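J.: Here is a sequence together with a model predicted from it:
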Amino acid sequence: MIPVNEETKKTHKPCLQVAWNVQVYDRDNKLVEEKSGQNSLLVAFATKLAGLLYDTASTYKDITNTSQAAFYTYPDGSSGNVVTGMPCSGGGFGLTTTGIVLGTNNTAVTADDYKLNTIIANGTGGSQLLYLAGGGTGVVTAAPVSSFVIDRVILNHSGGTITIKELGIYSIAPAGITFCLCRDIIADPGADIDDGEYMYVKYTISVTT
Amino acid sequence: MTKLTGIIRITKSTGEVYEHRMHSFVQNFAYLLNSLCARLAPNGGVGLPMKDTANTSVTAGACNNGASYYNWFYTAAAAIGIDTYGMVVGTGVTPVALTDYKLDVPIAQGAGAGQMKYSAASYQVGKISSGANRSFKLIRWFTNDSPGAITVNEVGFIARPYNTGVGPYNVLICRDVLGAPVTVNSGEGITVEMAFQITA
């Protein structure tokens, strides 16, 4: 083999950067904690990308939803059991089936993860969080980077402290089928959201020449 | 931590193998991915942010009437002889820019001087592979039936989004300039594989 490019596998840059940042604010909107990390795309993302590139009616149920059920991946929505597109930046108020979601279990990420290990439910009960509607930005280019943001604000009105140890992006397909596109962990001790505080979560997805 | 990486592997008919670590998605790809994530409608949702291969502004919208999603690739099935979309090769060496909308110097389909024959596009059939590195591949063959040698210096992928009333149009989503030229002599051919993988 003749290596055209000497870059080693270890230093092989991702062709798509996915960076996350979480900020915890108190009742006075004062930043009390901030953590960051990057790059935990999962097989579900690659499978969706493959389906879009192939433009073919898959004969395999090759993508796994958050309930670990397998589905076909079609690019054009032409058949039943379709899993097309990857809408995820507009998670509606209170929804944990799409958009950014949070969890409490920081077991190491594997490529085959299909959900957060222990997702935090929406609500104001014990150990629950209030998920506001998700959002995001359009593409911003500042050479050599083109990027866009997917974000969400999540409130703690549970009455107690909740420690966040994992986060991810869920995408919902037609018929309410949800897939986990990426999952990241926050190393111990995690990030605490006290009662009355909120967390701003931001994913920045970028390509770099 | 897992990451999406890309590798271009070029195998000559003479047996030599060249490998290039890709990282050159261009701005068009970011627009397409953004519109998919946001489920934005064509035109009205995002305007005309992309440039097609003719440098014409086109939409990157991702959905149509809420249920049928915008098919923003429709590409891998590029037929034999098609050099306007799918995987493409060129001779240019200009460094990659985010705003690239076509190859620097594309190699046209044909058997004339400086031309190569494009096979039908292919791809790894079936499930995304198993193992530590989970990958899928796009594959295309190029044959040099021209009278002279041709030096391949760049590889790209042109998507072909369309939906009812929108497109199809040809949009370059990635371009890589190889670290070293690949010379394809008359009568020789190359297989170009573009593999994307989730790597732990």
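T.: That came through fine.
J.: can we go C-alpha only for contacts and neighbour counts from here?
T.: Fine.
J.: quick one, helices of chain B?
T.: Taking DSSP state H to define them, one finds helices in chain B at B:27-38.
J.: let me redo that: chain A
T.: Using DSSP H, the helices of chain A run over A:43-54.
J.: Can you list the low-confidence ranges for it?
T.: In the prediction, chain A carries residues with pLDDT under 70 at positions A:1-11, A:54-61, A:73-85, A:174-175.
J.: go again using 50 as the cut-off
T.: Within chain A, the stretches with pLDDT under 50 are A:1-7, A:76-83.
J.: Spatially, what comes nearest to the residue nearest the centre of chain A if we skip its sequence neighbours?
T.: When CA atoms, centre = their mean is applied to chain A, the residue found nearest the centroid is A:Ile169 (1.8 Å). Computed as CA to CA, 6 or more residues apart in numbering or on different chains, the closest residue to A:Ile169 that is not its neighbour in sequence is A:Ile100, at 4.5 Å.
J.: how many neighbours does that neighbour have?
T.: The criterion is other CA atoms under 10 Å in any protein chain shown. On that basis, A:Ile100 has 31 neighbouring residues.
J.: Would you quantify the distance from it to chain B?
T.: When CA to the nearest CA, to the nearest Å is the yardstick, A:Ile100 and chain B sit 12 Å from each other.
J.: re the thing from before, on the strand side of things, show who the residue nearest to the centre of chain A bridges to.
T.: A:Ile100, A:Cys182 (DSSP bridges).
J.: Spit out the contact partners of it.
T.: With contact set as CA atoms under 8 Å, 6 or more residues apart in numbering or on different chains, A:Ile169 has these partners: A:88, A:98-101, A:180-183.
J.: repeat that with 10 Å
T.: Taking CA atoms under 10 Å, 6 or more residues apart in numbering or on different chains as the criterion, A:Ile169 is in contact with A:41, A:88-89, A:91, A:96-102, A:115-116, A:150-151, A:179-184, A:203.
J.: Filter these down to the buried ones and express that as a PyMOL selection.
T.: Selection of the buried residues among the contacts of A:Ile169 in PyMOL, burial being defined by 16 or more other CA atoms under 10 Å in any protein chain shown:
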select buried, chain A and resi 41+88+89+91+96+97+98+99+100+101+102+115+116+150+151+179+180+181+182+183+184+203
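J.: Mind checking which of the contacts of A:Ile169 are in strands?
T.: Residues of these located in strands (DSSP state E): A:99-102, A:150-151, A:179-184, A:203.
J.: from the residues you listed, which single one is nearest A:Thr64?
T.: Nearest to A:Thr64 among the ones in strands among the contacts of A:Ile169: A:Phe179, at 7.0 Å, using CA to CA.
J.: List the beta-bridge partners for the closest residue to A:Val149 other than its chain neighbours.
T.: Nearest non-adjacent residue to A:Val149, counting by CA to CA, 6+ apart: A:Thr204, 4.5 Å away. With DSSP bridges applied, A:Thr204 shows beta-bridge pairing to A:Ala19, A:Val149.
J.: and A:Thr204, how many neighbours does it have?
T.: Counted with other CA under 10 Å, the burial measure for A:Thr204 works out to 17 neighbours.
J.: Check the gap between it and chain B for me.
T.: Applying CA to the nearest CA to A:Thr204 and chain B gives a distance of 11 Å.
J.: By average pLDDT, which secondary structure element in chain B comes out worst?
T.: None of the helices or strands of chain B scores lower by mean pLDDT, DSSP states H and E than strand B:68-69, at a mean of 52.
J.: mind showing which ranges of chain B have poor pLDDT?
T.: Where chain B drops to pLDDT under 50, the residues are B:65-66.
J.: let's see 80
T.: Low-confidence regions of chain B, defined here as pLDDT under 80, cover residues B:1, B:23, B:36, B:38-47, B:60-77, B:122-135, B:161-167, B:199-200.
J.: Find the residue at the geometric middle of it.
T.: B:Phe157 (0.9 Å).
J.: if I read this right, it contacts B:Ala195, doesn't it?
T.: No. Counting by CA atoms under 10 Å, B:Ala195 is not a contact partner of B:Phe157; they are 11.9 Å apart.
J.: Pull up the overlap in contacts between these two.
T.: B:Leu138.
J.: If you count contacts, what does the longest strand belonging to chain B end up packed against?
T.: Secondary structure of chain B read by DSSP E shows that its longest strand is strand B:171-184. Packing partners of strand B:171-184 (3 or more CA pairs under 10 Å, 6 or more residues apart in numbering or on different chains; DSSP states H and E): strand A:2-3, strand B:3-12, strand B:17-22, helix B:27-38, strand B:50-51, strand B:86-90, strand B:150-159, strand B:189-199.
J.: rerun at 8 Å
T.: Applying 3 or more CA pairs under 8 Å, 6 or more residues apart in numbering or on different chains; DSSP states H and E, one finds that strand B:171-184 makes contact with strand B:17-22, helix B:27-38, strand B:150-159.
J.: looking at the ones you listed, which is buried most?
T.: Counting by mean count of other CA atoms under 10 Å in any protein chain shown, helix B:27-38 has the highest mean neighbour count of the helices and strands packed on strand B:171-184, with a mean of 26.
J.: Chain neighbours aside, what residue packs nearest to B:Thr94?
T.: If you skip the residues right next to it in sequence, B:Thr94 has B:Asp104 as its closest partner in space, 6.5 Å away by CA to CA, 6+ apart.
J.: my read: the one you found touches B:Gly92, true?
T.: Yes. With contact defined as CA atoms under 8 Å, B:Asp104 and B:Gly92 form a contacting pair (4.9 Å).
J.: hey, what's in contact with both of these two?
T.: Overlap between the contact sets of B:Asp104 and B:Gly92, as judged by CA under 8 Å, 6+ apart, is given by B:Glu154.
J.: For these two, indicate the residue with more neighbours.
T.: Taking other CA under 10 Å, B:Asp104 and B:Gly92 do not tie; B:Asp104 has more neighbours (21 against 18).
J.: who touches the more buried one in this structure?
T.: With contact set as CA under 8 Å, 6+ apart, B:Asp104 has these partners: B:90-94, B:154.
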